[in-house]
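K.L.:
When you get a sec, could you give me coordinates for this:
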Amino acid sequence: MSKSAVLDYLKSLIDVPAIKGKLVVSRFKHFELKKGEMLLAEGQVSRRAHLLVEGYIRSFVVDSEGEEVTTSIISPQAFANDFLSYFKGEPAKENFQAITDCKTYYIGYDDMQFAFHNMPEFREFGRMILTMNYERLHEQMLSMIKHSAEERYLSLLEKDPEIFQAVPLKIIASYLNITDTSLSRIRREVSKRGG
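P.N.:
This is a model prediction of the structure:
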């Protein structure tokens, strides 16, 4: 499997000379995960940051009633990682699990630190990744407060329509903070209106 997906992702975020881009990408290693396998379990310390290139991964926590609550659904061309655990060396507070068979490229913590300290371009890349993750989490938090369940569904449908073919509706409903029944009703109503 070619590392071109990593290089393309890098170039989509920052302007980097070809030689430097290849040097950054050389630090990434290929990894595959089968459907249902855990990438990272709550309580473990994250030592790898995975760029997802194929498949879907979810992060989830278990609530006080023992129910799994999906906190994010990670699509291709995004990082799957508990960054606080990764950078601070603390136990992860979420679980990361493959929803489908997945292919990733990961960079280990020591390689990340080497790249940060020796390549200014990689520092900019890292800054962009952290900013994008913060923006995603912030938008998700505000959406839960400001938008209706239907608006959240339509937003997800617009951003990533393929997710509805690959990810079980139960997981999508949990991510949208609604019941399976509510999601089915919303889908029917939107479909009737030609959405």
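
K.L.:
Can you give me every residue that contacts V25?
P.N.:
K3, V6, L7, L10 (Cβ atoms under 8 Å, 6 or more residues apart in numbering). C-beta coordinates here come from the backbone N, C-alpha and C atoms, glycine included.

K.L.:
In strands, which of these fall?
P.N.:
Using DSSP state E, no member of the contacts of V25 sits in strands.

K.L.:
ok, so of these, who is nearest F96?
P.N.:
Nearest to F96 among the contacts of V25 is V6, at 19.0 Å by Cβ to Cβ.

K.L.:
Verify the contact between that closest one and Y105 for me.
P.N.:
Yes. Counting by Cβ atoms under 8 Å, V6 touches Y105, with 4.9 Å between them.

K.L.:
which neighbours do those two share?
P.N.:
Shared contacts of V6 and Y105, counting by Cβ under 8 Å, 6+ apart, come down to F28, L51, V53.

K.L.:
Over to Y56: give its phi and psi.
P.N.:
Dihedral pair for Y56: phi -130, psi 140, per degrees, to the nearest 10.

K.L.:
and if you look at F31?
P.N.:
The phi/psi pair for F31 (degrees, to the nearest 10) is phi -150, psi 140.

K.L.:
Hmm, H50 is touching K29, no?
P.N.:
No. Here H50 lies out of contact with K29, judged by Cβ under 8 Å, at a distance of 9.9 Å.

K.L.:
quick one, which of these two is more surrounded?
P.N.:
Remark: of H50 and K29, H50 carries more neighbours, 25 against 14, as counted by other Cβ atoms under 10 Å.

K.L.:
Could you point out which of the shared contacts of V6 and Y105 is nearest to S72?
P.N.:
For the shared contacts of V6 and Y105, the minimum distance to S72 (Cβ to Cβ) is 15.2 Å, reached by L51.

K.L.:
Next up, phi/psi of the closest one, please.
P.N.:
Taking degrees, to the nearest 10 as the convention, L51 sits at phi -90, psi 120.

K.L.:
Look up how far P17 lies from it.
P.N.:
Separation of L51 from P17 (Cβ to Cβ, to the nearest Å) stands at 20 Å.
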